[in-house]
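Undergrad: Any chance you could fold what I've pasted below:
(chains A, B, C and D)
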There are 4 protein chains.
Amino acid sequence: MTQMTQRRNNIKDVQSSCDERGIAIQKVGVSDVHLPFLIKTKSGSFQSVLAKIKLTVDLPQEFKGTHMSRFIEILSDWSQKPVSYREIENMLTDTIDRLQAKRAHIDIHFKYFIEKTAPVSGLTSMLDYDCVFSARLVRGEHLDFMFGITVPFTSLCPCSKEISQYGAHNQRGIMRAKIRQQPGRFIWIEDLAEMMERQGSCQVYPLLKREDEKYVTEHAYENPKFVEDVLRDLVLVLRKIDGVQWFEVECENYESIHNHSAYAAHVETVER
Amino acid sequence: MTQMTQRRNNIKDVQSSCDERGIAIQKVGVSDVHLPFLIKTKSGSFQSVLAKIKLTVDLPQEFKGTHMSRFIEILSDWSQKPVSYREIENMLTDTIDRLQAKRAHIDIHFKYFIEKTAPVSGLTSMLDYDCVFSARLVRGEHLDFMFGITVPFTSLCPCSKEISQYGAHNQRGIMRAKIRQQPGRFIWIEDLAEMMERQGSCQVYPLLKREDEKYVTEHAYENPKFVEDVLRDLVLVLRKIDGVQWFEVECENYESIHNHSAYAAHVETVER
Amino acid sequence: MTQMTQRRNNIKDVQSSCDERGIAIQKVGVSDVHLPFLIKTKSGSFQSVLAKIKLTVDLPQEFKGTHMSRFIEILSDWSQKPVSYREIENMLTDTIDRLQAKRAHIDIHFKYFIEKTAPVSGLTSMLDYDCVFSARLVRGEHLDFMFGITVPFTSLCPCSKEISQYGAHNQRGIMRAKIRQQPGRFIWIEDLAEMMERQGSCQVYPLLKREDEKYVTEHAYENPKFVEDVLRDLVLVLRKIDGVQWFEVECENYESIHNHSAYAAHVETVER
Amino acid sequence: MTQMTQRRNNIKDVQSSCDERGIAIQKVGVSDVHLPFLIKTKSGSFQSVLAKIKLTVDLPQEFKGTHMSRFIEILSDWSQKPVSYREIENMLTDTIDRLQAKRAHIDIHFKYFIEKTAPVSGLTSMLDYDCVFSARLVRGEHLDFMFGITVPFTSLCPCSKEISQYGAHNQRGIMRAKIRQQPGRFIWIEDLAEMMERQGSCQVYPLLKREDEKYVTEHAYENPKFVEDVLRDLVLVLRKIDGVQWFEVECENYESIHNHSAYAAHVETVER
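TA: Numbers count the residues shown, from 1 in each chain, chains lettered A, B, ... in the order given. As a prediction, the model looks like this:
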């Protein structure tokens, strides 16, 4: 026993004292933890991201409290290894073991960058997507893994186009999808983003030269879509993802003619 | 027929055209609408609040789009009448009728103020609570109404108190509850806030004189509570609310010794 | 002397003890205070708003601290009276007196609503504008009062229009102005908002019927403006405001073809 | 001339057309650009951060608009090289050249991580600090470089400690400093953070074991400080930084006994 451990052992462990309210807590842990994390990329490499994390476990009714510092130790360890679906499972197994729990949950929010190629000039630039890995592991069961992504896009209003002599109001919108696949199935961020951003009136790009701007303007005008159209096309796309069991999709247009948004949402459990 | 209606009728109604994708949309409408709203108070009066609103209806598979301007008309009308549980039901009935829908949902987020009396000086001041009315109405069914509130409080760490020769770290925390009661039952914001804020180490107040500061400091020190303790006491309190069918509770301590939060959460369907 | 005052007097006033670092503090007080406030309207009435407030005074080098509870007492008192330029001056005079200070500063952020009339249907609805009153008073001097407002608008890109066969990308943008006028001069929120929102490609409205949507679509297409154009037209407008001494203006377009904004800014001291 | 360049040249350059309003714009460019950036560390390496960037140049009165895509090209190039004071100067020189401007400004906001060692256990963990590089370059002049950092800390109230029989309210607070040094002088993020965080009642750490928690609790209790005390000690520290010409400092305590903050601020031009 080291001197350090001895010293710690002399300090009372209040958390481990007994609780008599008879309430097992479903989730207890840490939230709003900011850490650099490494996310595995489709190309076989990894990307360093800024993660905002919530990590919790269940707490049996007989214990007064959990041991908060262990969550930070776990996250510190895992922040240094490239992660994806499989590593998230290992991280939660690790959490269950180190906290002597039955269940563990994690939410990792991060901005992820994907290279976009401008449609005419072919110039490349990095576009940012808000992503979330949201996972739950019950000891002895399969990982319940949900992956969420927010994709910006251009929407152009079919009504405005139809009723106006010229022009049509358009705006930036965002599509959010959250999907749960069968255990063992996994879709790359890059692949889901690409499938989704085709469903708007046009894609957005950080870098557009004049010839590109002409293209995206005309392309959006040729593809007018209500928020409802985008949502329906997303539903069709998400249903086809390999092994998808459940998905939730939202679409929000930051209307250029209003100070509020047009909104549509849909949740579906996919029959197999 | 007025001249105005004639003019509008000459403009094509793209939204009403037919859609062939076979997808009925669960929610379509407006989000991020900011409006003044009048919320009924327990005392029989009302409070003018700044509301952030999402209002949606379902859309049958055969229609291409909904009529977005009607949502704003409905909200504009209702923003001028004091509302509570019963009026939210009427607002959603109105929405279902005017949008020719089967279901309508609304989320109204607002800051609500309640007068607090300082514990020793007896001086009064107004404390702000983040609230949400979240309701769903299916034509011909009972209103599904959820009420949520975020209550700030002081938490003082039992471990820190126990192991330290003097002092104990404490901090502001927030408790969030969302409850669903049996149809027809309703709890006032004032009553739920009061029940909840008793569960921290101490309540917070905007205005405290020195004699009050002495009181809250000592009171918190005498009532050390982990985030788990606060959560468990909240669970006990929420279970007893008249006709409660379901609740969700979260507790988050903005730790004074860390740059992250301690967090606990629990969801429960109450057996009756 | 009341019993309460006696009790308070028996508690040591640490704030009034002596400080020896020789540093007079420029601003000390409270921030992130949320309170309902009443803002005077141009029509002679007032509007109840949700205010977020920072209120500070200077602190002479010989005192250790200020008396924080007095700021809340002052704000609570003033939250119940309709305020505008003149009342802000009185509030700061009151603050200087009650805190025995030489200078006081206040920032009041609030959403303010103005009725907008749709351009063709004539229907009315309430649009939200983010506003700020930012004022400083030095004992014995004139009030230094700055008024800021954020106005949403539609911008349509001249380049996109010019180079494309049809359509033109457009988006919501916001213009922010902050102005300081000669002592005694004051411009109503309603008047500044109206002058500013004419400078975009088109104004935005919460409620638009189809005939209005046709109008705003075509009107924006007929008035293409870069972020630079809007900024320059704002500069021309702001220079002409009665007694304006200084202004700052920003313009930000939430580009529909990018995931970032186009931005322009300008600060000017007006020669008289 | 490449085919691509030919194609672009056939598309009208609206931005370069002439403007007759006679207004030279001080700042025009892009804002809310998110990109990974590499920040040089004190140890000679670099850290990959998530940057939020605003980059602008001036625009002479005779030109209608700037060329927005070039800003993204510049940022994309520079996002791949480790940067610090000197590289920011080169980036702005590059911007001035490529935009044919006289002045360029940049604001880069990012979260930066520094390893903290727990005071007793000696365990290490990464703490996040919000930072900003804010720089301005006028062609032919020295770089005007400001560096800002937000440091979380623990504050413990001297009044509460003095008047209470036991305990003392404490809370997380943040200190923000922004400094400008003489041309050529530069302080490492690590050094400024370390100097600042010693000025609170205690430092915060992501990872604390029980023996550490005992230490920070007692250490904070032994070092009670008002928001005014922290501010004054920060002023003393900032005045001594090598070559500092100007600084601004703010301190905000998220009071554990209130739902608002205690606040202090000070700006100073340092005489040399």
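
Undergrad: Output the set of residues of the stretch 1-150 of chain A in proximity to chain B.
TA: A:11-12, A:14-15, A:19, A:21, A:23, A:25-34, A:54, A:56, A:59, A:64-66, A:68, A:72 (Cβ under 8 Å from any Cβ of the partner chain). In this view, the C-beta of every residue, glycine as well, is placed from N, C-alpha and C.

Undergrad: Buried among these? Make that a ChimeraX selection.
TA: To isolate the buried members of those in ChimeraX, using 16 or more other Cβ atoms under 10 Å in any protein chain shown:
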select /A:11,14,15,19,23,25,26,27,28,29,30,31,32,33,34,54,56,59,64,65,66,68,72
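
Undergrad: Strands of the stretch 151-272 of chain A, residue ranges please.
TA: Along the stretch 151-272 of chain A, counting by DSSP state E, counting those that start in this stretch, strands occupy A:170-181, A:202-203, A:244-253, A:261-269.

Undergrad: name the helices or strands packed onto the third one?
TA: Spelled out, it's strand A:244-253. strand A:170-181, helix A:227-239, strand A:261-269 (3 or more Cβ pairs under 8 Å, 6 or more residues apart in numbering or on different chains; DSSP states H and E).

Undergrad: In the sheet, which residues pair with residue A:112? Tell me.
TA: residue A:129 (DSSP bridges).

Undergrad: how far away is it from residue A:51?
TA: According to Cβ to Cβ, to the nearest Å, residue A:112 and residue A:51 sit 10 Å apart.

Undergrad: Who has more neighbours out of these two?
TA: residue A:51 (24 against 18; other Cβ atoms under 10 Å in any protein chain shown).

Undergrad: The closest residue to the more buried one other than its chain neighbours: how many residues sit nearby?
TA: Spatial nearest neighbour of residue A:51, chain neighbours left out: residue A:37 (3.9 Å); criterion: Cβ to Cβ, 6 or more residues apart in numbering or on different chains. Neighbour count for residue A:37, taken as other Cβ under 10 Å: 23.

Undergrad: How about residue A:131?
TA: That count, for residue A:131 with other Cβ under 10 Å as the rule, works out to 21.

Undergrad: May I ask you to confirm that it is in contact with residue A:189?
TA: Yes: between residue A:131 and residue A:189 there is a contact under Cβ atoms under 8 Å: 6.0 Å.

Undergrad: any residues in contact with both of the two?
TA: Shared contacts of residue A:131 and residue A:189, defined by Cβ atoms under 8 Å, 6 or more residues apart in numbering or on different chains, comprise A:112, A:147, A:149.

Undergrad: of all those, which comes closest to residue B:80?
TA: residue A:149 (40.0 Å; Cβ to Cβ).

Undergrad: Count the residues that sit near the residue lying closest to residue A:190 once chain neighbours are set aside.
TA: Distances taken as Cβ to Cβ, 6+ apart place residue A:42 nearest to residue A:190, at 4.3 Å, with adjacent residues excluded. Neighbour count of residue A:42, defined by other Cβ under 10 Å: 12.

Undergrad: what does residue A:45 give?
TA: Residue A:45 has 9 nearby residues by other Cβ under 10 Å.

Undergrad: Residue A:258 now?
TA: 28.

Undergrad: Is it in contact with residue C:203, as I believe?
TA: No: in this structure, residue A:258 is not within contact of residue C:203 by Cβ under 8 Å, at 10.7 Å.

Undergrad: Using CSV, write down the CA coordinates of stretch A:16-35.
TA: Below are the C-alpha coordinates for stretch A:16-35, written out as CSV (Å, rounded to 0.1, in the frame of the first residue of the first chain):
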residue,chain,number,x,y,z
SER,A,16,-20.0,4.8,0.3
SER,A,17,-22.1,5.3,3.4
CYS,A,18,-25.6,3.8,3.4
ASP,A,19,-28.7,5.4,2.1
GLU,A,20,-32.2,4.5,3.3
ARG,A,21,-34.5,6.3,1.0
GLY,A,22,-34.9,3.1,-1.2
ILE,A,23,-34.3,4.9,-4.5
ALA,A,24,-31.9,3.5,-7.1
ILE,A,25,-30.7,6.4,-9.2
GLN,A,26,-30.8,5.8,-13.0
LYS,A,27,-28.0,8.3,-13.9
VAL,A,28,-25.4,10.0,-11.9
GLY,A,29,-22.0,11.3,-13.0
VAL,A,30,-20.5,14.4,-14.7
SER,A,31,-21.7,16.8,-17.3
ASP,A,32,-20.3,19.7,-19.2
VAL,A,33,-16.9,18.2,-19.3
HIS,A,34,-14.8,19.7,-22.1
LEU,A,35,-11.9,17.6,-23.5
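
Undergrad: Get me the contact residues on the stretch 1-150 of chain A for chain D.
TA: So the stretch 1-150 of chain A meets chain D at A:4, A:7-8, A:11, A:13, A:33-36, A:47-50, A:69, A:72-73, A:76, A:79, A:111, A:113, A:120-123, A:125-126, A:128 (Cβ under 8 Å from any Cβ).

Undergrad: Let me have the strands of the stretch 151-272 of chain A in TSV, extended by mean pLDDT.
TA: As requested, those are arranged in TSV below (pLDDT from 0 to 100):
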stretch	mean pLDDT
strand A:170-181	98
strand A:202-203	98
strand A:244-253	98
strand A:261-269	98
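
Undergrad: Save those strands as TSV, and put in mean neighbour count too.
TA: Converted to TSV, the strands of the stretch 151-272 of chain A look like this (neighbours: other Cβ atoms under 10 Å in any protein chain shown):
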stretch	mean neighbour count
strand A:170-181	23
strand A:202-203	24
strand A:244-253	22
strand A:261-269	20
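
Undergrad: The residue nearest to residue A:190 belongs to a helix, doesn't it?
TA: No: going by DSSP: H, G, I helix; E, B strand; the rest coil, the assignment for residue A:42 is coil, not a helix.

Undergrad: any idea what sits nearest residue A:132, other than its immediate chain neighbours?
TA: Closest to residue A:132 by Cβ to Cβ, 6+ apart is residue A:148, at 4.1 Å.

Undergrad: The one you found and chain B, how far apart?
TA: Residue A:148 sits at a distance of 17 Å from chain B (criterion: Cβ to the nearest Cβ, to the nearest Å).

Undergrad: Next, report how far the host helix or strand of that residue is displaced from the centre of its chain.
TA: Residue A:148 is part of strand A:144-156 when elements are defined by DSSP states H and E. Relative to its parent chain, strand A:144-156 has a centroid offset of 8 Å by Cα atoms, centre = their mean, to the nearest Å.

Undergrad: mind saving the C-alpha coords of it as PDB?
TA: In PDB, the C-alpha atoms belonging to strand A:144-156 read as follows (Å, rounded to 0.1, in the frame of the first residue of the first chain):
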ATOM      1  CA  ASP A 144     -27.400   0.700 -27.500                       C
ATOM      2  CA  PHE A 145     -25.600   3.300 -29.800                       C
ATOM      3  CA  MET A 146     -27.200   6.300 -31.300                       C
ATOM      4  CA  PHE A 147     -25.400   8.600 -33.700                       C
ATOM      5  CA  GLY A 148     -26.700  12.100 -34.400                       C
ATOM      6  CA  ILE A 149     -25.600  14.700 -37.000                       C
ATOM      7  CA  THR A 150     -26.700  18.200 -37.900                       C
ATOM      8  CA  VAL A 151     -26.200  19.100 -41.600                       C
ATOM      9  CA  PRO A 152     -26.500  22.600 -43.000                       C
ATOM     10  CA  PHE A 153     -28.100  23.100 -46.400                       C
ATOM     11  CA  THR A 154     -29.800  25.500 -48.700                       C
ATOM     12  CA  SER A 155     -33.600  25.400 -49.000                       C
ATOM     13  CA  LEU A 156     -35.500  27.300 -51.600                       C
END
